[in-house]
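>>> Let me see the structure of the following:
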Amino acid sequence: MIDEILSLVSKHEEWRERNCLNLIPSENVMSPAVRSLLSSDLGHRYTSRDGFYRGTKFLDEIEHYGEELAKEVFKAETADLRPLSGHIADLIFLACFARPGDVLMCVSEEDGGYPGLSKIGLAGLLGLKLIPFPFEKAKMNINVEKAEEVIRHVKPKIVIFGASLILFPHPVRQLAKVAIESGAHIGFDGSHVLGLIAGAQFQDPLREGAHALFGSTHKSFFGPQGGIILADKFHGEIIKGKIFPRFVDNAHWNRIAALTLALAEMKRFGREYAEQVISNSRELAKALYEYGFPVKCLEMGFTNSHQLILDFETPERSREFADKLERANIIVDTAVRIGTCEVTRRGMKTPEMLKIAELIKRAVDGENPENIKREVSKLCYEFRDIKYCF
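The predicted model follows:
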(Lines give C-alpha, C1' and ligand atoms only; values in the text may rest on other atoms or scores of the structure.)
Protein backbone atom coordinates (compact mmCIF):
# COMPACT_ATOMS: atom_id res chain seq x y z
CA MET A 1 0.00 0.00 0.00
CA ILE A 2 2.77 2.45 0.93
CA ASP A 3 4.65 1.71 -2.27
CA GLU A 4 1.50 2.20 -4.34
CA ILE A 5 0.78 5.61 -2.81
CA LEU A 6 4.37 6.82 -3.19
CA SER A 7 4.50 5.45 -6.72
CA LEU A 8 1.37 7.33 -7.76
CA VAL A 9 2.74 10.61 -6.43
CA SER A 10 6.08 9.96 -8.12
CA LYS A 11 4.38 9.20 -11.45
CA HIS A 12 2.30 12.37 -11.18
CA GLU A 13 5.38 14.51 -10.50
CA GLU A 14 7.36 12.93 -13.30
CA TRP A 15 4.53 13.56 -15.75
CA ARG A 16 2.97 16.88 -14.73
CA GLU A 17 5.95 18.65 -13.20
CA ARG A 18 8.74 17.56 -15.52
CA ASN A 19 7.19 16.50 -18.82
CA CYS A 20 4.05 18.63 -19.31
CA LEU A 21 3.40 22.17 -20.42
CA ASN A 22 0.84 23.40 -17.91
CA LEU A 23 -1.42 26.05 -19.43
CA ILE A 24 -4.26 25.89 -16.91
CA PRO A 25 -4.89 29.50 -15.75
CA SER A 26 -6.06 28.45 -12.28
CA GLU A 27 -2.74 26.77 -11.48
CA ASN A 28 0.77 28.00 -10.84
CA VAL A 29 4.01 26.71 -9.35
CA MET A 30 5.64 27.71 -6.06
CA SER A 31 9.30 28.48 -5.61
CA PRO A 32 11.35 25.77 -3.85
CA ALA A 33 11.61 27.91 -0.72
CA VAL A 34 7.85 28.51 -0.50
CA ARG A 35 7.15 24.87 -1.23
CA SER A 36 9.53 23.71 1.51
CA LEU A 37 7.56 25.54 4.20
CA LEU A 38 4.50 23.38 3.53
CA SER A 39 6.35 20.38 4.98
CA SER A 40 7.72 22.25 8.01
CA ASP A 41 6.80 21.54 11.62
CA LEU A 42 4.18 24.30 11.35
CA GLY A 43 1.94 21.78 9.59
CA HIS A 44 1.55 19.92 12.89
CA ARG A 45 0.59 22.87 15.08
CA TYR A 46 -2.38 24.84 16.37
CA THR A 47 -2.74 28.36 17.70
CA SER A 48 -5.66 30.48 18.84
CA ARG A 49 -6.35 34.17 19.39
CA ASP A 50 -7.46 33.62 22.99
CA GLY A 51 -4.16 32.00 23.99
CA PHE A 52 -5.67 28.56 24.63
CA TYR A 53 -2.67 26.87 22.99
CA ARG A 54 0.82 27.53 24.32
CA GLY A 55 4.05 27.39 22.36
CA THR A 56 2.74 29.62 19.58
CA LYS A 57 4.98 32.68 19.81
CA PHE A 58 6.69 32.08 16.46
CA LEU A 59 3.44 31.15 14.71
CA ASP A 60 1.93 34.41 15.93
CA GLU A 61 4.92 36.37 14.64
CA ILE A 62 4.65 34.68 11.24
CA GLU A 63 0.98 35.57 10.97
CA HIS A 64 1.62 39.20 11.96
CA TYR A 65 4.51 39.47 9.50
CA GLY A 66 2.36 37.97 6.74
CA GLU A 67 -0.53 40.35 7.37
CA GLU A 68 1.78 43.35 7.31
CA LEU A 69 3.33 42.18 4.04
CA ALA A 70 -0.11 41.61 2.51
CA LYS A 71 -1.25 45.09 3.50
CA GLU A 72 1.88 46.54 1.92
CA VAL A 73 1.66 44.54 -1.31
CA PHE A 74 -2.05 45.28 -1.85
CA LYS A 75 -2.12 48.73 -0.15
CA ALA A 76 -4.88 47.49 2.13
CA GLU A 77 -5.91 48.70 5.59
CA THR A 78 -6.48 45.15 6.82
CA ALA A 79 -5.42 41.68 5.74
CA ASP A 80 -6.31 38.17 6.83
CA LEU A 81 -4.45 35.06 5.68
CA ARG A 82 -6.61 32.50 7.51
CA PRO A 83 -9.23 31.58 4.84
CA LEU A 84 -8.51 28.04 3.71
CA SER A 85 -9.47 28.75 0.08
CA GLY A 86 -10.78 31.43 -2.23
CA HIS A 87 -14.21 29.85 -1.94
CA ILE A 88 -14.12 30.18 1.86
CA ALA A 89 -13.03 33.80 1.44
CA ASP A 90 -16.13 34.38 -0.72
CA LEU A 91 -18.28 32.70 1.93
CA ILE A 92 -16.83 34.84 4.71
CA PHE A 93 -17.51 38.09 2.86
CA LEU A 94 -21.07 37.11 1.94
CA ALA A 95 -21.97 35.78 5.37
CA CYS A 96 -20.56 38.83 7.15
CA PHE A 97 -22.55 41.39 5.16
CA ALA A 98 -25.68 39.70 3.79
CA ARG A 99 -28.73 37.99 5.21
CA PRO A 100 -31.19 35.51 3.65
CA GLY A 101 -33.34 37.27 1.08
CA ASP A 102 -30.73 39.92 0.25
CA VAL A 103 -29.70 40.50 -3.37
CA LEU A 104 -26.27 39.43 -4.59
CA MET A 105 -25.12 40.87 -7.91
CA CYS A 106 -22.19 39.27 -9.75
CA VAL A 107 -21.16 37.91 -13.14
CA SER A 108 -23.27 34.85 -13.95
CA GLU A 109 -21.73 31.44 -14.47
CA GLU A 110 -23.03 31.53 -18.07
CA ASP A 111 -20.93 34.67 -18.69
CA GLY A 112 -17.80 33.25 -17.11
CA GLY A 113 -18.54 34.06 -13.47
CA TYR A 114 -17.39 31.88 -10.60
CA PRO A 115 -19.75 28.87 -10.24
CA GLY A 116 -19.24 28.91 -6.47
CA LEU A 117 -21.33 32.08 -6.24
CA SER A 118 -24.24 30.60 -8.19
CA LYS A 119 -27.66 29.39 -7.03
CA ILE A 120 -26.26 25.90 -6.50
CA GLY A 121 -23.27 27.45 -4.73
CA LEU A 122 -23.02 30.10 -2.02
CA ALA A 123 -26.02 32.16 -3.15
CA GLY A 124 -28.29 29.16 -2.66
CA LEU A 125 -26.59 28.10 0.57
CA LEU A 126 -27.07 31.53 2.16
CA GLY A 127 -30.54 32.14 0.72
CA LEU A 128 -29.48 35.11 -1.40
CA LYS A 129 -31.33 36.30 -4.48
CA LEU A 130 -28.87 36.22 -7.36
CA ILE A 131 -29.06 38.97 -9.99
CA PRO A 132 -26.46 38.75 -12.78
CA PHE A 133 -24.58 41.73 -14.14
CA PRO A 134 -25.68 42.71 -17.64
CA PHE A 135 -22.79 41.38 -19.70
CA GLU A 136 -21.33 41.87 -23.18
CA LYS A 137 -19.84 38.56 -24.27
CA ALA A 138 -18.24 40.11 -27.33
CA LYS A 139 -16.16 42.30 -25.00
CA MET A 140 -16.06 39.77 -22.14
CA ASN A 141 -17.05 42.45 -19.68
CA ILE A 142 -19.88 44.06 -17.72
CA ASN A 143 -22.16 46.51 -19.54
CA VAL A 144 -21.74 49.63 -17.39
CA GLU A 145 -24.80 51.57 -18.50
CA LYS A 146 -27.20 48.65 -18.10
CA ALA A 147 -25.55 47.61 -14.83
CA GLU A 148 -26.15 51.09 -13.38
CA GLU A 149 -29.85 50.78 -14.18
CA VAL A 150 -30.12 47.34 -12.58
CA ILE A 151 -28.25 48.42 -9.44
CA ARG A 152 -30.55 51.41 -8.95
CA HIS A 153 -33.58 49.22 -9.48
CA VAL A 154 -32.76 46.12 -7.38
CA LYS A 155 -30.51 47.79 -4.75
CA PRO A 156 -28.24 44.78 -4.14
CA LYS A 157 -26.87 44.23 -0.67
CA ILE A 158 -23.70 42.67 -2.10
CA VAL A 159 -21.94 43.45 -5.39
CA ILE A 160 -19.01 41.21 -6.37
CA PHE A 161 -16.78 41.93 -9.34
CA GLY A 162 -14.32 39.41 -10.80
CA ALA A 163 -14.86 36.18 -12.71
CA SER A 164 -13.30 32.86 -13.68
CA LEU A 165 -13.15 33.86 -17.34
CA ILE A 166 -11.65 37.33 -16.97
CA LEU A 167 -9.66 38.97 -19.76
CA PHE A 168 -9.94 42.65 -18.90
CA PRO A 169 -10.34 44.83 -15.78
CA HIS A 170 -13.89 45.05 -14.48
CA PRO A 171 -15.59 48.48 -14.20
CA VAL A 172 -15.32 48.85 -10.44
CA ARG A 173 -14.63 52.59 -10.55
CA GLN A 174 -17.53 53.24 -12.91
CA LEU A 175 -20.07 51.34 -10.80
CA ALA A 176 -18.86 51.75 -7.22
CA LYS A 177 -20.57 55.09 -6.57
CA VAL A 178 -24.04 53.96 -7.64
CA ALA A 179 -23.60 50.66 -5.79
CA ILE A 180 -22.64 52.40 -2.55
CA GLU A 181 -25.49 54.88 -2.93
CA SER A 182 -27.81 51.90 -3.22
CA GLY A 183 -26.48 50.47 0.05
CA ALA A 184 -24.21 47.75 -1.34
CA HIS A 185 -21.09 46.21 0.13
CA ILE A 186 -18.63 45.85 -2.75
CA GLY A 187 -16.24 42.93 -3.10
CA PHE A 188 -13.80 41.88 -5.80
CA ASP A 189 -13.10 38.17 -6.21
CA GLY A 190 -9.55 38.40 -7.45
CA SER A 191 -8.88 34.67 -7.40
CA HIS A 192 -7.66 34.60 -10.98
CA VAL A 193 -5.95 37.99 -11.23
CA LEU A 194 -4.58 38.43 -7.70
CA GLY A 195 -0.97 38.16 -8.87
CA LEU A 196 -1.57 40.76 -11.57
CA ILE A 197 -3.19 43.10 -9.04
CA ALA A 198 -0.26 42.58 -6.65
CA GLY A 199 2.11 43.38 -9.53
CA ALA A 200 0.16 46.60 -10.28
CA GLN A 201 -0.54 45.50 -13.88
CA PHE A 202 -4.28 44.81 -13.98
CA GLN A 203 -6.47 47.04 -11.82
CA ASP A 204 -6.56 48.25 -8.22
CA PRO A 205 -9.99 47.32 -6.80
CA LEU A 206 -9.44 48.77 -3.32
CA ARG A 207 -8.58 52.18 -4.81
CA GLU A 208 -11.41 51.95 -7.34
CA GLY A 209 -14.19 51.59 -4.77
CA ALA A 210 -14.25 47.96 -3.61
CA HIS A 211 -14.52 47.48 0.13
CA ALA A 212 -12.76 44.11 0.02
CA LEU A 213 -10.50 42.12 -2.29
CA PHE A 214 -10.39 38.37 -1.73
CA GLY A 215 -9.69 35.11 -3.47
CA SER A 216 -7.29 32.24 -4.09
CA THR A 217 -3.54 32.49 -3.65
CA HIS A 218 -2.38 29.90 -6.20
CA LYS A 219 -3.45 31.12 -9.64
CA SER A 220 -1.81 34.22 -11.08
CA PHE A 221 -0.57 34.73 -7.51
CA PHE A 222 2.16 32.12 -7.03
CA GLY A 223 1.57 31.00 -3.45
CA PRO A 224 0.25 27.78 -1.91
CA GLN A 225 -3.36 26.73 -2.38
CA GLY A 226 -5.46 28.79 0.01
CA GLY A 227 -7.27 32.10 0.42
CA ILE A 228 -6.75 35.70 1.51
CA ILE A 229 -8.92 38.71 2.34
CA LEU A 230 -7.79 42.33 2.00
CA ALA A 231 -10.20 45.07 3.06
CA ASP A 232 -10.75 48.60 4.30
CA LYS A 233 -10.72 49.08 8.06
CA PHE A 234 -14.51 48.98 8.58
CA HIS A 235 -15.13 45.78 6.62
CA GLY A 236 -11.84 44.20 7.62
CA GLU A 237 -12.44 44.52 11.35
CA ILE A 238 -15.89 42.97 11.02
CA ILE A 239 -14.42 40.09 9.02
CA LYS A 240 -11.57 39.56 11.47
CA GLY A 241 -13.99 39.44 14.37
CA LYS A 242 -16.01 36.65 12.79
CA ILE A 243 -13.55 34.38 10.98
CA PHE A 244 -12.78 32.39 14.14
CA PRO A 245 -14.59 30.20 15.01
CA ARG A 246 -17.39 30.63 12.46
CA PHE A 247 -15.45 29.95 9.27
CA VAL A 248 -11.92 28.84 10.20
CA ASP A 249 -10.73 27.02 13.30
CA ASN A 250 -7.19 25.77 12.64
CA ALA A 251 -5.83 27.98 9.88
CA HIS A 252 -3.00 25.70 8.61
CA TRP A 253 0.09 27.60 9.69
CA ASN A 254 2.44 25.89 7.25
CA ARG A 255 0.31 27.35 4.47
CA ILE A 256 0.32 30.79 6.10
CA ALA A 257 4.12 30.69 6.39
CA ALA A 258 4.40 29.66 2.74
CA LEU A 259 1.98 32.42 1.73
CA THR A 260 3.99 34.95 3.72
CA LEU A 261 7.15 34.05 1.82
CA ALA A 262 5.25 34.18 -1.48
CA LEU A 263 4.07 37.68 -0.53
CA ALA A 264 7.70 38.67 0.01
CA GLU A 265 8.54 37.30 -3.44
CA MET A 266 5.61 39.20 -4.92
CA LYS A 267 6.74 42.42 -3.23
CA ARG A 268 10.19 42.06 -4.79
CA PHE A 269 9.41 40.52 -8.19
CA GLY A 270 5.67 41.06 -8.69
CA ARG A 271 5.71 43.88 -11.22
CA GLU A 272 8.24 42.19 -13.52
CA TYR A 273 6.39 38.87 -13.24
CA ALA A 274 2.93 40.35 -13.91
CA GLU A 275 4.18 42.34 -16.90
CA GLN A 276 5.63 39.18 -18.43
CA VAL A 277 2.49 37.13 -17.74
CA ILE A 278 0.32 39.61 -19.62
CA SER A 279 2.84 39.96 -22.44
CA ASN A 280 3.02 36.18 -22.80
CA SER A 281 -0.78 35.89 -22.87
CA ARG A 282 -1.03 38.43 -25.67
CA GLU A 283 1.79 36.87 -27.68
CA LEU A 284 0.33 33.37 -27.34
CA ALA A 285 -3.15 34.64 -28.22
CA LYS A 286 -1.85 36.42 -31.33
CA ALA A 287 0.10 33.38 -32.49
CA LEU A 288 -2.86 31.04 -32.00
CA TYR A 289 -5.14 33.46 -33.83
CA GLU A 290 -2.72 33.56 -36.76
CA TYR A 291 -2.85 29.75 -36.83
CA GLY A 292 -6.62 30.01 -37.26
CA PHE A 293 -7.82 29.29 -33.74
CA PRO A 294 -10.96 31.14 -32.54
CA VAL A 295 -9.35 33.41 -29.93
CA LYS A 296 -11.86 35.77 -28.36
CA CYS A 297 -11.66 39.57 -28.36
CA LEU A 298 -9.45 40.21 -31.39
CA GLU A 299 -10.56 43.85 -31.57
CA MET A 300 -9.49 44.46 -27.97
CA GLY A 301 -6.06 42.87 -28.26
CA PHE A 302 -7.27 39.44 -27.05
CA THR A 303 -6.47 39.84 -23.35
CA ASN A 304 -5.04 41.98 -20.58
CA SER A 305 -4.76 39.15 -18.06
CA HIS A 306 -3.08 35.81 -17.44
CA GLN A 307 -5.37 33.93 -19.81
CA LEU A 308 -6.86 33.86 -23.27
CA ILE A 309 -10.08 32.15 -24.32
CA LEU A 310 -10.79 30.01 -27.36
CA ASP A 311 -14.41 30.25 -28.47
CA PHE A 312 -15.26 26.88 -29.96
CA GLU A 313 -18.81 26.28 -31.22
CA THR A 314 -19.76 23.50 -28.81
CA PRO A 315 -18.58 21.98 -25.52
CA GLU A 316 -17.80 18.82 -27.44
CA ARG A 317 -15.36 20.71 -29.68
CA SER A 318 -13.70 22.25 -26.63
CA ARG A 319 -13.28 18.88 -24.94
CA GLU A 320 -11.90 17.32 -28.12
CA PHE A 321 -9.34 20.13 -28.32
CA ALA A 322 -8.28 19.63 -24.69
CA ASP A 323 -8.07 15.85 -25.14
CA LYS A 324 -5.80 16.14 -28.19
CA LEU A 325 -3.46 18.44 -26.30
CA GLU A 326 -3.35 16.18 -23.25
CA ARG A 327 -2.25 13.27 -25.43
CA ALA A 328 0.73 15.47 -26.37
CA ASN A 329 1.43 16.47 -22.72
CA ILE A 330 0.01 19.97 -23.15
CA ILE A 331 -2.49 20.59 -20.36
CA VAL A 332 -5.47 22.96 -20.64
CA ASP A 333 -9.00 22.91 -19.26
CA THR A 334 -12.16 22.29 -21.27
CA ALA A 335 -13.45 25.89 -21.10
CA VAL A 336 -11.08 26.45 -23.20
CA ARG A 337 -8.99 28.91 -21.18
CA ILE A 338 -5.26 28.98 -21.79
CA GLY A 339 -3.11 30.50 -19.07
CA THR A 340 0.49 31.65 -18.97
CA CYS A 341 1.10 31.83 -15.18
CA GLU A 342 3.21 28.72 -14.77
CA VAL A 343 5.19 28.90 -17.99
CA THR A 344 6.04 32.51 -17.14
CA ARG A 345 7.18 31.50 -13.64
CA ARG A 346 9.50 29.03 -15.33
CA GLY A 347 11.09 31.84 -17.33
CA MET A 348 9.41 31.51 -20.72
CA LYS A 349 8.94 34.58 -22.89
CA THR A 350 7.91 35.49 -26.45
CA PRO A 351 9.99 32.86 -28.34
CA GLU A 352 8.53 30.12 -26.16
CA MET A 353 4.98 31.41 -26.66
CA LEU A 354 5.49 31.09 -30.40
CA LYS A 355 6.82 27.56 -29.89
CA ILE A 356 3.87 26.61 -27.68
CA ALA A 357 1.43 27.90 -30.30
CA GLU A 358 3.20 25.80 -32.93
CA LEU A 359 3.04 22.69 -30.73
CA ILE A 360 -0.66 23.26 -30.10
CA LYS A 361 -1.30 23.62 -33.83
CA ARG A 362 0.56 20.41 -34.62
CA ALA A 363 -1.22 18.47 -31.88
CA VAL A 364 -4.66 19.59 -33.02
CA ASP A 365 -3.80 18.88 -36.66
CA GLY A 366 -3.21 15.25 -35.78
CA GLU A 367 0.56 14.85 -35.74
CA ASN A 368 1.79 11.81 -33.82
CA PRO A 369 1.58 12.89 -30.15
CA GLU A 370 4.82 11.06 -29.35
CA ASN A 371 6.74 13.48 -31.58
CA ILE A 372 5.24 16.45 -29.78
CA LYS A 373 5.80 14.92 -26.35
CA ARG A 374 9.53 14.77 -27.00
CA GLU A 375 9.63 18.46 -27.89
CA VAL A 376 7.46 19.35 -24.90
CA SER A 377 9.82 17.43 -22.57
CA LYS A 378 12.83 19.21 -24.07
CA LEU A 379 11.20 22.61 -23.58
CA CYS A 380 10.24 21.77 -20.00
CA TYR A 381 13.79 20.62 -19.24
CA GLU A 382 15.23 23.88 -20.57
CA PHE A 383 12.90 25.87 -18.29
CA ARG A 384 12.84 23.70 -15.18
CA ASP A 385 14.05 26.41 -12.77
CA ILE A 386 11.58 28.75 -11.08
CA LYS A 387 12.06 32.47 -11.68
CA TYR A 388 10.83 35.63 -9.91
CA CYS A 389 11.91 34.33 -6.52
CA PHE A 390 14.75 34.66 -4.04
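>>> Which residues outside stretch 135-147 are in contact with it?
Stretch 135-147 is touched from outside by 107-108, 111-112, 133-134, 161, 165-168, 170-171, 174-175, 296-297, 300, 309, with contacts defined as Cβ atoms under 8 Å, 6 or more residues apart in numbering. C-beta here means a position set from N, CA and C on the backbone, and glycine is covered the same way.
>>> now do 6 Å
With Cβ atoms under 6 Å, 6 or more residues apart in numbering as the test, stretch 135-147 has contacts from 111, 133, 134, 167, 168, 170, 171, 174, 175, 297.
>>> so what's residue 185 up against?
97, 158, 211.
>>> one step back: mind giving me the PyMOL select for the contacts of stretch 135-147, buried ones only?
This is how PyMOL selects the buried members of the contacts of stretch 135-147, with burial counted by 16 or more other Cβ atoms under 10 Å:
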select buried, resi 111+133+134+167+168+170+171+175+297
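>>> Just give me the closest of the contacts of stretch 135-147 to residue 25.
Lowest distance from residue 25 to those (Cβ to Cβ) belongs to residue 167, with 10.5 Å.
>>> To which secondary structure element is that closest one assigned?
Using DSSP states H and E, residue 167 sits in no helix or strand.
>>> quick one, what contacts it?
140, 297, 303, 305.
>>> Highest neighbour count among those residues?
Neighbour counts for these, by other Cβ atoms under 10 Å, peak at residue 305, which reaches 27 neighbours.
>>> pretty sure it is in a helix, no?
No: with DSSP: H, G, I helix; E, B strand; the rest coil as the criterion, residue 305 is assigned coil and is not in a helix.
>>> so what's it up against?
Residue 305 touches 166, 167, 193, counting by Cβ under 6 Å, 6+ apart.
>>> And for the last one, nearest residue in space, chain neighbours not counted?
Just to be clear, that refers to residue 193. residue 202 (5.0 Å; Cβ to Cβ, 6 or more residues apart in numbering).
>>> re earlier: any idea which of the contacts of residue 305 is closest to residue 83?
Among the contacts of residue 305, and counting by Cβ to Cβ, the member closest to residue 83 is residue 193, at 17.3 Å.
>>> is it true that that closest one touches residue 203?
No: applying Cβ atoms under 6 Å as the test, residue 193 and residue 203 come out as separate, 7.9 Å apart.
>>> Just want to know which of the two has more residues nearby.
residue 193 (33 against 22).
>>> Phi, psi for that one please.
phi -110, psi 20 (degrees, to the nearest 10).
>>> Now tell me what touches stretch 15-23 from outside.
329, 330, 331, 332, 338, 339, 342, 376, 377.
>>> ok, of the residues you listed, which come out buried?
Here, 16+ other Cβ under 10 Å leaves 329, 330, 331, 332, 338, 339, 342, 376 buried among the contacts of stretch 15-23.
>>> which residues touch the spatially most central residue of the chain?
In the chain, the residue lying closest to the centroid (Cα atoms, centre = their mean) is residue 192, at 2.4 Å. The contact partners of residue 192, by Cβ under 6 Å, 6+ apart, come to 166, 219.
>>> at 8 Å what do you get?
With contact set as Cβ under 8 Å, 6+ apart, residue 192 has these partners: 25-26, 162-164, 166, 215-216, 219-220, 305-307.
>>> Please produce a PyMOL select command covering the buried subset of those residues.
Under the burial definition 16+ other Cβ under 10 Å, those of the contacts of residue 192 that qualify are selected in PyMOL by:
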select buried, resi 25+26+162+163+164+166+215+216+219+220+305+306+307
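>>> from the contacts of residue 192, which single one is nearest residue 118?
Nearest member of those to residue 118, counting by Cβ to Cβ, is residue 164, at 11.1 Å.
>>> before we move on, what SS does the closest one have?
Going by three-state DSSP: residue 164 is coil.
>>> Could you look up the next helix or strand downstream of the longest helix seen in the chain?
Using DSSP state H, we find that the single longest helix of the chain is helix 253-290. Sequence-wise, the next helix or strand downstream of helix 253-290 (DSSP H and E) is strand 307-309.
>>> quick one: low-confidence parts of the stretch 201-350 of the chain?
Within the stretch 201-350 of the chain, no range satisfies pLDDT under 70.
>>> What helices and strands are in contact with the longest helix of the chain?
If contacts are counted by 3 or more Cβ pairs under 8 Å, 6 or more residues apart in numbering; DSSP states H and E, helix 253-290 sits against helix 32-37, helix 57-74, helix 194-198, strand 307-309, strand 337-339, helix 341-345, helix 350-364.
>>> For the last one, buried residues please.
For helix 350-364, a neighbour-count test (16+ other Cβ under 10 Å) marks 352, 353, 355, 356, 357, 359, 360, 361, 362, 363, 364 as buried.
>>> Spatially, which two of those residues are the most separated?
Across the buried residues of helix 350-364 (Cβ to Cβ), the longest gap, 18.5 Å, separates 352 and 364.
>>> Show the model's pLDDT score for the closest residue to residue 252 other than its chain neighbours.
Excluding its sequence neighbours, the residue lying closest to residue 252 (Cβ to Cβ, 6+ apart) is residue 84, at 6.5 Å. Looking at residue 84, its pLDDT stands at 97.
>>> Alright, calling it a day.
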